[in-house]
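1. Sequence and computational prediction follow.
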2 protein chains.
Amino acid sequence: MSVLVVGTTALDSIKTPKSENPLLLGGSASHAAVAASFFAKTQLMGVVGGDFPTKYVRLFEKHGVCLKGLDRVKDGRTFHWSGEYEVNMNNRRTVETVLGVIEHWQPALPAAYESTPYVLLANISPSVQHRVLDQVSKAKFIIADTMDLWLNIALPDVLKLLKRVDCLVLNDSEARQLVSDDNVVSALTKIHRMGPEYVIIKKGEHGSILSGPKGLFIAPAYPLRKVVDPTGAGDSFVGGLIGYLAAQKSGSIETNLRRAILHGSVVASFCCEGFGLNVTTRTTKAQILARVKELEKLSQF
Amino acid sequence: MSVLVVGTTALDSIKTPKSENPLLLGGSASHAAVAASFFAKTQLMGVVGGDFPTKYVRLFEKHGVCLKGLDRVKDGRTFHWSGEYEVNMNNRRTVETVLGVIEHWQPALPAAYESTPYVLLANISPSVQHRVLDQVSKAKFIIADTMDLWLNIALPDVLKLLKRVDCLVLNDSEARQLVSDDNVVSALTKIHRMGPEYVIIKKGEHGSILSGPKGLFIAPAYPLRKVVDPTGAGDSFVGGLIGYLAAQKSGSIETNLRRAILHGSVVASFCCEGFGLNVTTRTTKAQILARVKELEKLSQF
């Protein structure tokens, strides 16, 4: 079955002590859609300006991502994020954020997307996420991703969103912030009470935790010897996850989610090995499946 | 087979915003020996002063821990650590450390311990660890635990120790510090080059990583809804681990280590649920095995 991904389509400029990487393809929807496309037919919803390079359109097309929902504002500027790594590559700071065409974007669902069963509301303002939800009446499973920014500036919108989605994905510090609880396990219980039947907590190199009706699932991250740039790893994780989920023809959501998390983790591991989507877009499905097998072995006793 | 545990036997006083917990049984060897005793015959080596309460001697005896190697210095004071939790229970700071009888302790191996096959050098000064190693010529498998303090003040002794043990256990920040590498996976490779065939990195609530000749094993921690006091959790982990290992009658060390880590994690989870050894010493082996089963299910896909 197919997947609809809505989120940001951006240009990211990432500076490190050793290199400049200007105007990379970035944004939550870009990472998530490419990740999902390894497993399922993927439809993108996003907005770009006249400055959006044709080569990135081609990249999406190469991955079979449907772009009927990619709005193009000719006289507008694409959302642009620039950041810089400090000497030890551990801390990344935002240098500049230019919202551009994303600021006033009013997404309208293409007719072709109306009956898409799997919907990923990748990280973007909750008002955009709500607007898309209003238009997808036939969705079978809806996942929302969010980030601390929205918890800080649009909490009421996030809280309303939680009542409308099947699964919330967020990182551990965001989970703690959302329910003011330092313990991730008890935080999960509180988040369920806010709406979502499934909650997935991302912990970066420490893996992730799925919480659902049948309890917890603790998943490892694929161990990487070298992380080049983690930008987009969380988006790749949830994109790979929903793509794998949509591709399953049998099994319950909860059982499939466990394996989906492993597949998402592996796509995220490739993302971390290069700037932007550089490595992800050169990865094959066979390489992904080989790493999933490796990851399975790493956690067997 | 039996286990020899050498380390500190201490009195810990732990203050929180809500309670005072003076003169608890503490120390690396106390936690590790009780943890090991759930699985194997355990022999303790440590030193206490005349102030060491008889009730703690009884507690060891209740767990069948052999105390032939527990030196008692009648006119000396037991090693005493006191610490305080800050309001949110997240940060613990040391208020006072009194070395007492541990400062000049010269451990002498009792004849009854000479052929003990499994040896745990729990956290204590590396000079004491070396001294015990000099006396255990028949050991089959030697595990050493350490901490940042010894990396800071006795690094040459730690480096010599690494050439003499089969397995090193340390936490992730200590691993990074030991080899000046921010990446835990590549740090592991560097630590192996320093000597130990097996390295186990403890990551608290994020579980642990075993690295051995056959590669990595990533283990989850038992998810706790409430952590009362993590003091001694790392010692309980490695104690439970070596106890389980010693109890296995078949299987390779590497295969058994994977399951040993799960058992160590579970004993550590009980440790975290109370101050000092309060909860661990009230736990039954059946409760431990039930939690191990739960932990296995939590990481199955």
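-> Yep, it's here.

2. What residues sit buried inside the lowest-mean-pLDDT helix or strand in chain A?
-> Here the helix or strand of chain A ranked lowest by mean pLDDT, DSSP states H and E is strand A:92-98, holding a mean of 89. Neighbour counts using 16 or more other Cβ atoms under 10 Å in any protein chain shown place A:R92, A:V98 of strand A:92-98 among the buried residues. To be clear about C-beta, it is placed using only N, CA and C from the backbone, and glycine gets the same treatment.

3. From the contact counts, what lies against it?
-> If you count contacts as 3 or more Cβ pairs under 8 Å, 6 or more residues apart in numbering or on different chains; DSSP states H and E, strand A:92-98 packs onto strand A:10-15, strand A:79-85.

4. just the angle between that strand and strand A:79-85, please?
-> Between strand A:92-98 and strand A:79-85, the angle comes out at 160 degrees (axes from the mean of the first three to the mean of the last three Cα atoms, to 10 degrees).

5. angle of strand A:92-98 against strand A:10-15?
-> 140 degrees.

6. Who does the residue nearest to A:T94 when sequence neighbours are not counted form a beta bridge with?
-> The shortest distance from A:T94 to any non-neighbouring residue, by Cβ to Cβ, 6 or more residues apart in numbering or on different chains, is to A:G83 (5.2 Å). Under DSSP bridges, the beta-bridge partners of A:G83 are A:I14, A:T94.

7. ok, now which ones touch A:G83?
-> Going by Cβ atoms under 8 Å, 6 or more residues apart in numbering or on different chains, A:G83 touches A:D12, A:S13, A:I14, A:K15, A:R92, A:R93, A:T94, A:V95, A:T231.

8. Out of those, flag the one nearest to chain B.
-> A:R92 (13.7 Å; Cβ to the nearest Cβ).

9. I'd like the distance between the closest one and A:S82.
-> 11 Å (Cβ to Cβ, to the nearest Å).

10. shared neighbours of those two, which are they?
-> A:I14.

11. Toward the C-terminus, what is the element adjacent to the longest helix that chain A contains?
-> If you go by DSSP state H, chain A has its longest helix at helix A:253-272. Per DSSP states H and E, the first helix or strand lying C-terminal to helix A:253-272 is helix A:285-298.

12. Briefly note if that following helix comes near chain B.
-> Yes - using Cβ under 8 Å from any Cβ of the partner chain, we find that helix A:285-298 touches chain B at A:E296, A:L298.

13. relative orientation of that helix and helix A:253-272 in degrees?
-> With the same axes, to 10 degrees defining the directions, helix A:285-298 sits at 110 degrees from helix A:253-272.

14. which residues touch helix A:285-298?
-> Against helix A:285-298 from outside (Cβ under 8 Å, 6+ apart): A:38-39, A:220, A:222-223, A:240, A:262-263, A:265-267, A:269-270, B:215-218, B:301.

15. Centre of the chain to that helix, how far?
-> Relative to its chain's centre, helix A:285-298 lies at 20 Å (Cα atoms, centre = their mean, to the nearest Å).

16. what's the average pLDDT for that helix?
-> Per-residue pLDDT values over helix A:285-298 give a mean of 97.

17. Check which residues of that helix are buried.
-> Here helix A:285-298 shows A:I288, A:R291, A:V292, A:L295, A:L298 as buried, counting by 16+ other Cβ under 10 Å.

18. now swap in stretch A:123-141 and tell me
-> A:123-126, A:128-129, A:131-133, A:135-136, A:139, A:141.

19. Next: stretch A:226-235.
-> A:V227, A:V228, A:D229, A:P230, A:T231, A:G232, A:A233, A:G234, A:D235.

20. quick one: it near chain B?
-> Yes - Stretch A:226-235 is in contact with chain B by Cβ under 8 Å from any Cβ, via A:K226, A:V227.

21. Not counting that stretch itself, show me its contacts.
-> A:7, A:12, A:14, A:16, A:21, A:26-32, A:35, A:83, A:85, A:89, A:92, A:122-123, A:145, A:169, A:171, A:202, A:204-205, A:268, A:271-277, A:279-280, B:183, B:186.

22. residues contacting A:D75?
-> Counted by Cβ under 8 Å, 6+ apart, A:D75 has contacts A:G49, A:G50.

23. Check it and give its pLDDT.
-> Per-residue confidence (pLDDT) for A:D75: 97.

24. what does the one 5 residues further on give?
-> Residue-level confidence at A:H80 comes out at 97, pLDDT.

25. can you count the residues close to it?
-> A:H80 is flanked by 20 other residues according to other Cβ atoms under 10 Å in any protein chain shown.

26. Repeat that for A:S180.
-> A:S180 has 8 neighbours, counted by other Cβ under 10 Å.

27. where along the stretch 1-150 of chain A do the strands fall?
-> In the stretch 1-150 of chain A, the strands defined using DSSP state E, counting those that start in this stretch lie at A:3-6, A:10-15, A:20-26, A:42-49, A:66-73, A:79-85, A:92-98, A:118-121, A:141-145.

28. For the stretch 101-250 of chain A, what lies in contact range of chain B?
-> Applying Cβ under 8 Å from any Cβ, we find that the stretch 101-250 of chain A lies next to chain B at A:182-186, A:189, A:203, A:205-207, A:209, A:215-220, A:223-227.

29. any idea which element the residue minimising distance to the centre of chain A lies in?
-> Centroid check for chain A by Cα atoms, centre = their mean gives A:D235 as the closest residue, at 2.3 Å. According to DSSP H and E, A:D235 maps onto helix A:233-247.

30. Next, the angle strand A:20-26 makes with that helix.
-> 30 degrees.

31. Report the buried residues of helix A:233-247.
-> So helix A:233-247, judged by 16+ other Cβ under 10 Å, has buried residues A:233-247.

32. mean confidence for it?
-> 98.

33. now the angle between strand A:141-145 and it, please.
-> Using the same axes, to 10 degrees: helix A:233-247 against strand A:141-145 is 180 degrees.

34. Report the distance from helix A:233-247 to the chain centre.
-> Relative to the centre of its chain, helix A:233-247 is centred 7 Å away, using Cα atoms, centre = their mean.

35. can you check stretch A:262-279 too?
-> On Cα atoms, centre = their mean, the centre of stretch A:262-279 falls 11 Å from the chain's centre.

36. is any part of that stretch close to chain B?
-> Yes - contact of stretch A:262-279 with chain B (Cβ under 8 Å from any Cβ) involves A:L262.

37. Just tell me which of the helices and strands packed on strand A:92-98 ends up closest to A:R258.
-> Nearest to A:R258, of all the helices and strands packed on strand A:92-98, is strand A:10-15, at 31.0 Å by Cβ to Cβ.

38. ok, residues contacting the closest one?
-> Outside strand A:10-15, the residues that reach it (Cβ under 8 Å, 6+ apart) are A:20-27, A:30, A:51-52, A:78-85, A:92, A:95, A:102, A:229, A:231, A:275-276.

39. so for that strand, what's the average pLDDT?
-> Rounded mean pLDDT across strand A:10-15 is 96.
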